[in-house]
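Participant: Dropping the sequence and predicted coords here.
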Amino acid sequence: MTAAALATSPRTPATGSGRGATMHAHLVDYASMEADEIGRATTQASLIWADIGVRLTWDRGGEPRSVSDEAALDATVLVLRHDMAQRMIAAENRGPGVLGRAVPEALRAYIFYDRVRTVSERYGTLDGSVLGKVFAHELGHLLLGHNHSAAGLMRAQPDLRSTRLAFSPDDGAKIRTGILAKLADRN
């Protein structure tokens, strides 16, 4: 099964209608992750986004998209191997707890895979769930900007061990509105 198929969620959104709110993430894996980990991580992120009424779909280059270009806001998620991440971390003077970086203007998110893996090992969860939460968080920054929230997934240091980690209702509404506005601007 492809990562795109694994990431599609049939769950009903818990908040807001989100009608037409779809984000399509193109995953670029420089870290050579295991297929099972990618599948679990993309599914985890998609479920988190489904809870705010946004359909999050994925591809890994060359895989067919499940939605038309007009129906989804496109983003790119680059999972960096150690040397690539270290160059970015050093150039931008990122602290030791930073697991990724978002560039909202380019709809591009960078994931520091070795750091995420270290946190996963510390929590005893090498199943992709921490990575999925980091995917969801960094993709959230693409619509919310660089600011962090007081609660939920968009906190500066969210509890990545939590099985109930989710966007706050306010952040969810802003994300849905942001996607729909960007799609309307494009048409």
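Facilitator: Sure thing, it's come through. Numbering: from 1, shown residues only.
Participant: going forward, measure contacts and count neighbours with C-alpha atoms only.
Facilitator: Will do.
Participant: list the buried ones in the helix ranked longest in the chain?
Facilitator: What stands out as the longest helix in the chain, according to DSSP state H, is helix 169-186. Neighbour-count burial for helix 169-186 flags 169, 171, 172, 173, 174, 175, 176, 178, 179, 180, 183 (criterion: 16 or more other CA atoms under 10 Å).
Participant: Now tabulate those in a markdown table and tack on pLDDT.
Facilitator: Below are the buried residues of helix 169-186 laid out as a markdown table (pLDDT from 0 to 100):
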| residue | pLDDT |
| --- | --- |
| 169 | 96 |
| 171 | 96 |
| 172 | 96 |
| 173 | 96 |
| 174 | 96 |
| 175 | 96 |
| 176 | 95 |
| 178 | 94 |
| 179 | 95 |
| 180 | 91 |
| 183 | 90 |
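Participant: Of those, which pair is most distant in space?
Facilitator: The widest separation within these, taken as CA to CA, falls between 169 and 183 and amounts to 21.3 Å.
Participant: Please work out the average pLDDT along stretch 154-162.
Facilitator: Mean pLDDT, stretch 154-162: 93.
Participant: Now do stretch 72-92: everything it contacts.
Facilitator: 21-32, 95, 107-114, 135, 139, 179, 182-183 (CA atoms under 8 Å, 6 or more residues apart in numbering).
Participant: Show only the entries of these found in strands.
Facilitator: 22-29, 108-112 (DSSP state E).
Participant: Would you mind giving these as a markdown table with neighbour count, pLDDT and distance to residue 127 added?
Facilitator: Shown next, in a markdown table, are the ones in strands among the contacts of stretch 72-92 (neighbours: other CA atoms under 10 Å; pLDDT from 0 to 100; distance: CA to CA, whole Å):
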| residue | neighbour count | pLDDT | distance to residue 127 |
| --- | --- | --- | --- |
| 22 | 23 | 94 | 26 |
| 23 | 24 | 95 | 24 |
| 24 | 22 | 95 | 23 |
| 25 | 25 | 96 | 20 |
| 26 | 21 | 96 | 21 |
| 27 | 20 | 97 | 18 |
| 28 | 16 | 96 | 19 |
| 29 | 18 | 96 | 17 |
| 108 | 20 | 97 | 24 |
| 109 | 24 | 97 | 21 |
| 110 | 21 | 98 | 20 |
| 111 | 24 | 98 | 16 |
| 112 | 25 | 97 | 17 |
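Participant: would you turn those into CSV with distance to residue 100?
Facilitator: Putting these into CSV (distance: CA to CA, whole Å) gives the following:
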residue, distance to residue 100
22, 22
23, 19
24, 19
25, 15
26, 16
27, 14
28, 14
29, 14
108, 11
109, 7
110, 5
111, 4
112, 5
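Participant: Thanks a lot, see you next time.
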